[in-house]
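Undergrad: Please find the sequence and the predicted model below.
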Amino acid sequence: MITDPIADMIIRIKNSLMANQTKITIPHSKMKEAVGKLLLENGYIEAIDVQAAVPQSNIVITPKYLGKTPAITGVRSISKPGRRVYGTVKEIPRALGGYGITIVSTSKGIVTDSQARKLNVGGEILCQIW
């Protein structure tokens with residue numbers, strides 16, 4: 001059983017990029033799918049596909065490489081099951097001084113830090129990716 005599915009997802013992506021894999025398979029959930037779509041919109045992955053299967057659907061992610069360098073160079077999980085981290089719109093940190101993204105779970109859905117500032121909402125700070 002996985003206690004922190006978002007941290008598991010971003011670590012699987014990071015480890016796959018370090019191993020130069022072309023496909024990453026992750027168990028499906030709506031939250032993981034929303035995080036994957038944010039990574040796709042921000043140019044960190046090539047494609048995301050949901051494959052329906054009978055006990056558990058899977059998410060297949062195609063990572064993005066810039067030459068031989070992966071598009072994702074670092075990840076940091078902020079909120080953990082033992083210590084949830086919440087912040088108002090002013091307390092949401094910028095990842096790498098604005099060069100990366102911070103993913104936030106808000107009442108408006110899962111959004112990046114810049115989208116949360118535009119929507120003027122705070123929430124649970126999930127992770128940072130750069």
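TA: Yes, it's here. Here the structure is a predicted model, which is why all the values come from computation and not from measurement.
Undergrad: the domain parsing of this protein - what is it?
TA: Here the domain parsing of the chain from automatic domain parsing is 5-70, 75-129.
Undergrad: and the residue lying closest to residue 70 once chain neighbours are set aside, what is it in contact with?
TA: Excluding its sequence neighbours, the residue lying closest to residue 70 (C-beta to C-beta, 6 or more residues apart in numbering) is residue 17, at 3.8 Å. Backbone N, C-alpha and C define where each C-beta goes, glycine included. Contact analysis of residue 17 by C-beta atoms under 8 Å, 6 or more residues apart in numbering lists 63, 65, 70, 72.
Undergrad: wait, doesn't the first one sit right on residue 46?
TA: When you say that, I think you mean residue 63. Yes. Contact criterion C-beta atoms under 8 Å: residue 63 and residue 46 qualify, at 6.6 Å.
Undergrad: the more surrounded of those two?
TA: Between residue 63 and residue 46, counted using other C-beta atoms under 10 Å, the more crowded position is residue 63 (21 against 13).
Undergrad: one step back: and the furthest pair within the contacts of residue 17?
TA: Comparing every pair within these by C-beta to C-beta identifies 65 and 72 as the most remote, at 9.9 Å.
Undergrad: These two: who's more crowded?
TA: Neighbour totals were compared for residue 65 and residue 72, and residue 72 leads with 21 against 13 (other C-beta under 10 Å).
Undergrad: Please identify which helix or strand holds the residue nearest the centre of the chain.
TA: When C-alpha atoms, centre = their mean is applied to the chain, the residue found nearest the centroid is residue 35 (4.3 Å). Using DSSP states H and E, residue 35 falls within helix 30-41.
Undergrad: Tell me which helix or strand comes right after that helix.
TA: Once helix 30-41 ends, the next helix or strand along the chain (criterion: DSSP H and E) is strand 45-51.
Undergrad: Can you give the strand pairings for the helix or strand that that following strand is followed by, parallel or anti for each?
TA: Sequence-wise, the next helix or strand downstream of strand 45-51 (DSSP H and E) is strand 58-63. Strand 58-63 pairs in its sheet with strand 24-27 (antiparallel), strand 45-51 (antiparallel), by DSSP bridges.
Undergrad: Understood, closing this out.
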